[in-house]
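Undergrad: with the sequence up front, the predicted model follows.
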Amino acid sequence: MSDAVRSPSLPMATPALEAPRAAASPRQRALRRFRRHRLALASLLVLAFLALGALFPGLIAPYDPYAMDMPNRLQPPSWAHPFGTDDFGRDIYSRIIYGARISLQVGAVAVGLSASVGILLGLLAGYFGGLVDTLIMRVMDVLFAFPAILLAITIMALLGASTANVMIAIGIVYIPYFARLVRGTTLALREEDYVLAARAAGAPPGRILWRHIFPGTLDTIIVQVTLSLAYAILAEAALSFLGLGTQPPEPSWGSMLSFGRDWIREAPWFSFFPGFAIFVTVLSLNLVGDGLRDALDPRL
């Protein structure tokens, strides 16, 4: 009996080598970490809605925020007026939407002012040190010695009550926060090898600060800007509540809350919804700031 014919053994197929994946950049890793922060993402949607209302209030607000309707004054929330009406019959929901423009505008301008001046002072104090550092930081210490809202009230008493002066007052109050933060980061970055190499190569201080040190402070600045926006909106509401900020008939959340307290028993919705708008906005900004801090922190 003949032996069984064996089929020639086929060479085993070797799996194709997978191409190595490109390493994710720090920005991509930060974005991935931020996406996992669900509260921050939800808060970002809330802020996007407020920004849309601030930019295009006519698309969201159903009524003219200045139009009075005395026969319908102090009406409770209904389908026609979701947040009710105030003591002049004006739709509270529409006034809150238009008030978002003032709150976000004051917050953005005030934080932009404080960040611009504070970052510059922090860079100069941290890089040059010595007498420059002493003079700048002692002035910052004087500003820090006053409670933020008390210092803002003092500045408003000197400048007068208006929306523009609110921006200036809040901007001055928060300059020391940015100056101290940037100074601390600059003190650490100026001893890095790439900064020492640029200094040894004869690069001028301005180029070193702008090209080598300032980019290293952006992560902390972004987080501080987000948190400062929340504080600025809260400070604007407090000043308007005291009658030092945005003046009637402009729809400001703080002034609406102030006028609503006179009707707290007869019409609690008058003060509840402006206060709730302040609460939601400040909470959303803080949650986004927490998400950015967790995403941009390299130690995480």
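TA: Done, it's in. Numbers count the residues shown, from 1 in each chain.

Undergrad: quick one: the helices in the stretch 1-150 of the chain, in order.
TA: Per DSSP state H, counting those that start in this stretch, the stretch 1-150 of the chain carries helices over the ranges 26-35, 38-55, 57-60, 92-128, 130-144, 148-159.

Undergrad: of all those helices, which one is nearest residue 252?
TA: Using C-beta to C-beta as the measure, helix 92-128 is the one of these that comes nearest residue 252, at 5.4 Å. For glycine as for every other residue, the C-beta is placed from the backbone atoms N, C-alpha and C.

Undergrad: residues of that closest one that come out buried?
TA: With burial defined by 16 or more other C-beta atoms under 10 Å, the residues of helix 92-128 counted as buried are 92-104, 106-115, 117-127.

Undergrad: and for residue 262, the neighbour number?
TA: For residue 262, the count of nearby residues is 12 (other C-beta atoms under 10 Å).

Undergrad: chain neighbours aside, what residue packs nearest to it?
TA: Closest residue to residue 262 in three dimensions, ignoring its sequence neighbours and counting by C-beta to C-beta, 6 or more residues apart in numbering: residue 87, at 7.9 Å.

Undergrad: what sits against that neighbour?
TA: With contacts taken as C-beta atoms under 8 Å, 6 or more residues apart in numbering, residue 87 has the following neighbours: 73, 74, 259, 262, 263, 267, 270.

Undergrad: which pLDDT value goes with the closest residue in space to residue 40 that isn't next to it in sequence?
TA: Excluding the flanking residues, the one nearest residue 40 by C-beta to C-beta, 6+ apart is residue 291, at 2.6 Å. pLDDT recorded at residue 291 is 84.

Undergrad: how about the helices in the stretch 201-300 of the chain?
TA: Under the criterion DSSP H, counting those that start in this stretch, helices of the stretch 201-300 of the chain are mapped to 205-207, 218-241, 253-260, 269-296.

Undergrad: what's the closest of these to residue 80?
TA: Ranking these by their distance to residue 80 (criterion: C-beta to C-beta) puts helix 269-296 first, at 13.7 Å.

Undergrad: tell me the angle the closest one makes with helix 218-241.
TA: Using axes from the mean of the first three to the mean of the last three C-alpha atoms, to 10 degrees, the interaxial angle of helix 269-296 with respect to helix 218-241 works out to 170 degrees.

Undergrad: against which helices or strands is helix 269-296 packed?
TA: Contact partners of helix 269-296 among helices and strands, from 3 or more C-beta pairs under 8 Å, 6 or more residues apart in numbering; DSSP states H and E: helix 26-35, helix 38-55, helix 92-128, helix 218-241, helix 253-260.

Undergrad: and the lowest-mean-pLDDT helix or strand in the chain, what's buried?
TA: Taking mean pLDDT, DSSP states H and E as the measure, the helix or strand of the chain with the lowest value is helix 26-35, at a mean of 77. Of the residues in helix 26-35, those buried by neighbour count under the rule 16+ other C-beta under 10 Å are 30, 33, 34.

Undergrad: swap in stretch 215-230?
TA: Neighbour counts over stretch 215-230 (16+ other C-beta under 10 Å) mark 216-217, 219-221, 223-230 as buried.

Undergrad: got it, and stretch 264-271?
TA: By 16+ other C-beta under 10 Å, the buried positions in stretch 264-271 come out as 267, 269, 270, 271.

Undergrad: sounds good, over and out.
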